[in-house]
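Trainee: Build me a model from this:
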Amino acid sequence: MRSFVKIFFVLLFIPALGFGQSGVDTLSLESIFYDPLLAGNRPDIISFSPDQSQIYYQANDSSMTKEELFRRPVTGGERHLVSDDVNRNFRVSPDRQKLLYVDQGDIWMADLDFENKRQLIDSKTEEYGAMWSPDSKRIAFVQDGNIWMINISTSKLTQVTNKEDDEPGFNVEGWAGDDQLVLTQFDTSDYEEYYFPEYVDQYVKPGSTRRGIASQLVSVVDLQSKEVNRLLENKGYIETDISTQGNYLAIDVTGPPMKKREIKVFNLSSKKPTTVFEDSTKGWLYNTEIAFAPSGNKLMILSEKDGWNHIYTVSPDGSNLRQHTRGEYEVPWAEWLNDETIIYASTEVGPGERHIYRMNIDKSETEKLTTEKGYRQNFELSEDHTHLVYQYSYFNEPFEVYSLNLSNDSDEKRLTYTIPDRFDKIDWQKEDYIRFTARDGETKLSISVLEPINKTEKSNHPVVVFVHGAGSLQNVYKGWSNNYYREYMFHQYLTARGYYVIEVDYRHSTGYGREFREDVTNWMGKYETRDIIDGIDYLAEHYPQADTSRVGVYGGSYGGFMALYATSVAPSYFDAAAALRAVTNWENYYYTNPWYTQPRLGTPEADSAHYARSSPITYVEQLEDPVLILHGLTDNNVGFQDAAQYVEKLIQDGGKEFDMMIYPSERHSFEDPDAWFDEYSRIFDFFNKHLQNEAN
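Mentor: All right, here's what the predicted structure looks like:
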């Protein structure tokens, strides 16, 4: 292949030219990336109102990027813009008479309607982490890394802790009864300094940041004696929960490799721990949750111990361990309704759907509460446990907020209407959602297929493969893509121009059990590539007009890594690859993001072979097809170093065909619509050039 090297080092500026203000008769790149947003601004659930009667959500009725805060009755009704007087980060007192919030670093108290405001703390330093005592008479908070307490009746202020200057600051996890506080500290002294330089201002800024994995400390402080008792120290990750009566503290403990989990329950009278649950895996733990029952001491656990994420309960002494759900499906979310009842979401119907269930754990009775096919996510249960709100979507229906009234078992109710009329004027193609068997004859894979809208019996069409990012993420399901909504629309744009577009939830994706996710451990790229190729083979067998001799692949972040990796190791299947903000050298990512990389690949010092065989930069010599490199210069997740090292290797190897575009002011997640537009215009032109018989 002849050498063709073209690198653009230019400052990006492409004006909108009024595209966003014009009407939309057909789908265009301009309508996908510029305001007003074609699909509208998806409503994000913020919280229930203090009196639990309404839901606060963030959206924009004008479909502009900037969001506003709205409220709507949880049973349906008129929506209203929330007053600026309402602080969205509030805590209601246990007796439900008052609320507290932090405004400009000071603590305030008000009635539930935000009237009768009273400033409790007025200081030059910032306060945060304020929490009510169970009797609603005192508030604990953090100031300058120490814990303080104020009596709201007498205004008496008490300093609870007195840390040393070089000691990590304290955080309030919660009250344990009226006389103790559970505290945590994060020791980041082992962090290393790394740099993500910024170039667009008058002077280059080094962009220094400290990264690593913290040691976490858990303590209990007696409010009478001010004595701090250290209960546990763990380098890695912890989650805590305190029983309602304050007599037990559960700590969920995992180390940096995330391969072993131990749940300890401390009796806070004796400070003695009991290990009530353990789990270990060859890969990495995922979706670990714990929660005490509302008024009892029973602990609920979410765990993949049997290979799929399910609900367990156990007593504080480790007895009565029970598994309440089982089967080849996932429980992504669960909460207590009362001491005998748990509400949860599951994929029991199929991995592409999520429904809501209610289960009486004593009677082992389960009730399915939803019937409509679709995908549900981001669940919020009201404090009084009478309503559940969440986001719901189905094919070509962007997510809206829905609610379930749990007190009268009514059907789910739609609360938001934020999809603009112009979205419905486009004839969106419903993708084919398919489950098929991989080459091993056992592994089930999910694939979505979009066909060219202008295909005829005698025509054949090139194929574009999209690879989702994050690695551990699900993106093939029966609904609108919340993570990749721009790509969702871009793929429909491609089908109008003669392309098949497919996506496979490859191994490493979530929603398909532990083994499916963990198969990639110690060699990322290997099984993912096989699964994507199996998807291409499925397309060739079942869609005869798909020309799988002309296949392009693209994705961002982990998807960008996969685009480069797959094209290098399987050149007979891929003909062009566009890599956005791609990891090219996993060793770089380990040093700045060890929490992600160590569980999957180990450490570069001990496991260098895992890193080498997983990194696209290792396979540059095998690369036969053109690649397009797109990267933000100030990316502080996947640093620009990855793009620079990869391009340098391409140049030094010689004979490689590639294009490159740098976005000087963009980080990992682009913000400027001009940058999005430029990026996807280049991807479209790149595929047209290398996949179409004639450029469109």
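Trainee: so which helix or strand takes in Glu380?
Mentor: According to DSSP states H and E, Glu380 maps onto strand 375-381.
Trainee: Averaged pLDDT, that strand. What do you get?
Mentor: Averaging pLDDT along strand 375-381 yields 98.
Trainee: per-residue pLDDT, Ile301?
Mentor: 98.
Trainee: Can you tell me, leaving aside adjacent residues, what's nearest to it?
Mentor: Spatial nearest neighbour of Ile301, excluding adjacent residues (Cβ to Cβ, 6 or more residues apart in numbering): Tyr312 at 4.3 Å. From N, CA and C alone the C-beta is placed, and that goes for glycine too.
Trainee: What residues sit buried inside stretch 147-161?
Mentor: Ile147, Trp148, Met149, Ile150, Ile152, Val160, Thr161 (16 or more other Cβ atoms under 10 Å).
Trainee: hmm, back to that, ok, now how distant is the residue nearest to Ile301 from Met64?
Mentor: 45 Å (Cβ to Cβ, to the nearest Å).
Trainee: so what's the residue nearest to Gln180 when sequence neighbours are not counted bridging to?
Mentor: Once flanking residues are discounted, Gln180 sits nearest to Val220: 5.4 Å by Cβ to Cβ, 6+ apart. Beta bridges link Val220 to Val182, Asn229, judged by DSSP bridges.
Trainee: just checking, Val220 touches Leu183?
Mentor: Yes - look at Val220 against Leu183 with Cβ atoms under 8 Å: they come within range, at 7.2 Å.
Trainee: Next, Lys264: secondary structure please.
Mentor: Here Lys264 takes the strand state, with states given by DSSP: H, G, I helix; E, B strand; the rest coil.
Trainee: picking up where we left off before, can I get the buried residues of stretch 147-161 in CSV with pLDDT and distance to Tyr488?
Mentor: Formatted as CSV, the buried residues of stretch 147-161 follow (pLDDT from 0 to 100; distance: Cβ to Cβ, whole Å):
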residue, pLDDT, distance to Tyr488
Ile147, 98, 46
Trp148, 98, 48
Met149, 98, 50
Ile150, 97, 49
Ile152, 95, 49
Val160, 98, 50
Thr161, 98, 49
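Trainee: mind checking how far the residue with the largest distance to the centre of the chain is from Arg138?
Mentor: Residue distances from the centre of the chain (Cα atoms, centre = their mean) peak at Thr154, which lies 43.6 Å from the mean C-alpha position. Distance, Thr154 to Arg138, by Cβ to Cβ: 10 Å.
Trainee: Which residue is the nearest non-sequential neighbour of Ile419?
Mentor: Per Cβ to Cβ, 6+ apart, closest to Ile419 is Gly40, 5.0 Å.
Trainee: Surely the one you found and Thr418 touch.
Mentor: Yes - under the criterion of Cβ under 8 Å, Gly40 makes contact with Thr418 at 4.6 Å.
Trainee: Need the residues touching each of these two.
Mentor: Common contacts of Gly40 and Thr418, defined by Cβ atoms under 8 Å, 6 or more residues apart in numbering, comprise Ala59, Ser63, Pro398.
Trainee: beta partners of the nearest residue to Asn87 once chain neighbours are set aside?
Mentor: Leaving aside its sequence neighbours, Asn87 sits nearest to Tyr101 (Cβ to Cβ, 6+ apart; 4.0 Å). Taking DSSP bridges as the rule, Tyr101 bridges to Phe90, Trp108.
Trainee: got the contact list for Tyr101?
Mentor: Asn87, Asn89, Phe90, Arg91, Ile107, Trp108, Ala110, Ala130.
Trainee: right, and the secondary structure at the last one would be what?
Mentor: By that I understand Ala130. Ala130 falls in the strand class when you classify it by three-state DSSP.
Trainee: gap between it and Glu679?
Mentor: In this view, Ala130 and Glu679 are 42 Å apart by Cβ to Cβ.
Trainee: coming back round to it: can you pick the most crowded of the shared contacts of Gly40 and Thr418?
Mentor: The residue in the shared contacts of Gly40 and Thr418 with the most neighbours, by other Cβ atoms under 10 Å, is Pro398 (24 neighbours).
Trainee: Regarding stretch 616-623, how distant is the last residue from the first?
Mentor: 10 Å (Cα to Cα, to the nearest Å).
Trainee: again with stretch 614-631
Mentor: Per Cα to Cα, the first residue of stretch 614-631 is 20 Å away from its last.
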